[in-house]
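>>> have a look; sequence and predicted model below, questions after that.
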Amino acid sequence: MKLLVIPLDDSWIRDNGPIFVRDEDGRVAALQFRFDGWNEQFAP
């Protein structure tokens, strides 16, 4: 495994990165959600 250090301002990885899920057979998949800043209320 490789750790990447990335400078961020006020972002959260849950808002920008994948979410990992596992099925009942143990297979892992990454999901990517588009975070819209609470309906684009806040500038990035």
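Sure, I can see it.
>>> so who does A29 touch?
20-23 (Cβ atoms under 8 Å, 6 or more residues apart in numbering). For every residue, glycine as well, the C-beta is placed using N, CA and C.
>>> redo that, cut-off 7 Å
For A29, the contacting residues are V21, by Cβ atoms under 7 Å, 6 or more residues apart in numbering.
>>> try V5
Contacts of V5 by Cβ under 7 Å, 6+ apart: none found.
>>> hang on, it in a strand?
No: counting by DSSP: H, G, I helix; E, B strand; the rest coil, V5 is not part of a strand but coil.
>>> how much space separates it from F20?
20 Å (Cβ to Cβ, to the nearest Å).
>>> quick one: residues contacting R22.
R22 touches V28, counting by Cβ under 7 Å, 6+ apart.
>>> which strand residues bridge it?
V28 (DSSP bridges).
>>> could you count how many residues lie near A30?
By the criterion of other Cβ atoms under 10 Å, A30 has 9 neighbours.
>>> so what's it scoring on pLDDT?
As predicted, A30 sits at a pLDDT of 88.
>>> once you drop chain neighbours, what's closest to it?
Closest residue in space to A30, ignoring its immediate chain neighbours: P18 at 3.7 Å, by Cβ to Cβ, 6 or more residues apart in numbering.
>>> ok, now which ones touch that neighbour?
30-32.
>>> ok, 10 Å please
29-33 (Cβ atoms under 10 Å, 6 or more residues apart in numbering).
>>> same check on G26?
With Cβ under 10 Å, 6+ apart, G26 has no contacts at all.
>>> quick thing: my sequence starts at 39, can you match it?
Okay, using 39 as the starting number, the last item reads as G64.
>>> report the secondary structure state of it.
coil.
>>> show the pLDDT at it.
94.
>>> any idea how far it is from I57?
17 Å.
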